[in-house]
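J.: attaching a predicted model along with its sequence, questions to come.
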Amino acid sequence: MTTRKIVDARADKDGDITHVKFKGNERFTSVERAIPMADRGEIENTHVVRRENAKTHLRTNRDGRERNNLDWMAGDD
């Protein structure tokens, strides 16, 4: 299976990630569309977080690097 790599992200005024951009794409993809992709293992270094009383969201896997975190990509760091 080929995986996609997230290279950029956008956040709303509350700091929630709303869109991600995959390497090779010109346009951003909504998080709602990216979440099922991550569930299927189609996005590298990313997983879905589901918690009670919280919005389901994407998160990059912890690896000690800051620049591949979605908040950093969206400028919310």
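T.: Cool, the structure landed.

J.: all strands of this protein, in order?
T.: Ranges of strands in the chain, per DSSP state E, are 6-11, 17-22, 29-30, 46-49, 57-60.

J.: can you lay out the ones you listed as TSV showing mean pLDDT?
T.: Shown next, in TSV, are the strands of the chain (pLDDT from 0 to 100):
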stretch	mean pLDDT
strand 6-11	95
strand 17-22	96
strand 29-30	98
strand 46-49	94
strand 57-60	91
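
J.: for the chain, where's the lowest mean pLDDT among helices and strands?
T.: helix 70-73 (a mean of 89; mean pLDDT, DSSP states H and E).

J.: just so I know, which of the strands of the chain lies nearest residue 38?
T.: Evaluated over the strands of the chain, closeness to residue 38 peaks at strand 46-49, with 5.0 Å, by CB to CB. Using the backbone N, CA and C atoms, a C-beta is placed for each residue, glycine as well.

J.: and the closest one, what does it pack against?
T.: helix 31-39, strand 57-60 (3 or more CB pairs under 8 Å, 6 or more residues apart in numbering; DSSP states H and E).

J.: send the alpha carbons of it over as CSV?
T.: Coordinates of the C-alpha atoms in strand 46-49 are reproduced here as CSV (Å, rounded to 0.1, in the frame of the first residue of the first chain):
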residue,chain,number,x,y,z
THR,A,46,-0.3,9.9,11.4
HIS,A,47,-3.1,8.4,13.5
VAL,A,48,-6.6,9.3,14.6
VAL,A,49,-7.5,10.3,18.1
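
J.: quick one: buried residues of it?
T.: Using 16 or more other CB atoms under 10 Å as the burial criterion, the residues of strand 46-49 that qualify are 46, 48.

J.: thank you kindly, that will do.
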